[in-house]
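# the following block contains a protein sequence and its predicted model.
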Amino acid sequence: MTRRSDCPISNVLDLVGDKWSLLILRDLLFFNKKSYLDLQNSDEKVASNILSNRLEKLEQEGLIAKQQDEKDKRKKIYTLTGKGVDMLPILLDMILWSAKYSPDTNIPVTLVNRARDDRDGLLEELRNRVAF
C-alpha cells in the first residue's frame, strides 16, 4: 500500500480510518465475535459488501486472520493477530474519551472505572481473552 504521507496518524488512518474497520476490531476485541454472521449482526448493521471488503482489507494489512471453522468447513472464523490486538489501547482510549464527552452512550460504568483505576490489568485481561 502506498502511503499518502510519512505522518504516523495518517498511516494508522490508512489502515483503519473508516468506522467499519474500527467496529470490526471492536467486535473481535470486546464482544468475542468470530464469524462473518456474528459481525454482520452487530447493532450498526454493516452492509454485506462493505463487511466483506473491510474484512479482506484488515486481513491484507495483517490485523486479522481468516481460518476455516473446524466444525463447519463452509464457515470462516476471524481472529485478531498480534498487530490487531495491539489496537486495544487505542480503542480503550476511544471508549474513555466517549465516556467523558458523550456520557449518554452505552458504556458500562464498570469498564470505565476499571480502565481508569487499573488500565494495565484490564488491558492484560482483554489481551488474554482474545489470545491469538
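Right, received. Where do you want to start? Numbers count the residues shown, from 1 in each chain.
# is Gln68 bridged to anything, and to what?
On the basis of DSSP bridges, Gln68 is bridged to Lys76.
# neighbours around it, how many?
Neighbour count for Gln68, taken as other Cβ atoms under 10 Å: 11. Yep, even glycine has a C-beta here, placed from its N, CA and C like the rest.
# can you verify my assumption that it contacts Ile77?
Yes - the pair Gln68 and Ile77 passes the contact test of Cβ atoms under 8 Å, sitting 7.3 Å apart.
# just the strands in the protein please.
64-68, 76-80 (DSSP state E).
# and the angle for the first one with strand 76-80?
Right, strand 64-68. Using axes from the mean of the first three to the mean of the last three Cα atoms, to 10 degrees, the inter-axis angle of strand 64-68 relative to strand 76-80 is 150 degrees.
# show me what strand 64-68 packs onto, helices and strands only.
Packing partners of strand 64-68 (3 or more Cβ pairs under 8 Å, 6 or more residues apart in numbering; DSSP states H and E): helix 19-30, helix 48-60, strand 76-80.
# out of the ones you listed, deepest packed?
helix 19-30 (a mean of 19; mean count of other Cβ atoms under 10 Å).
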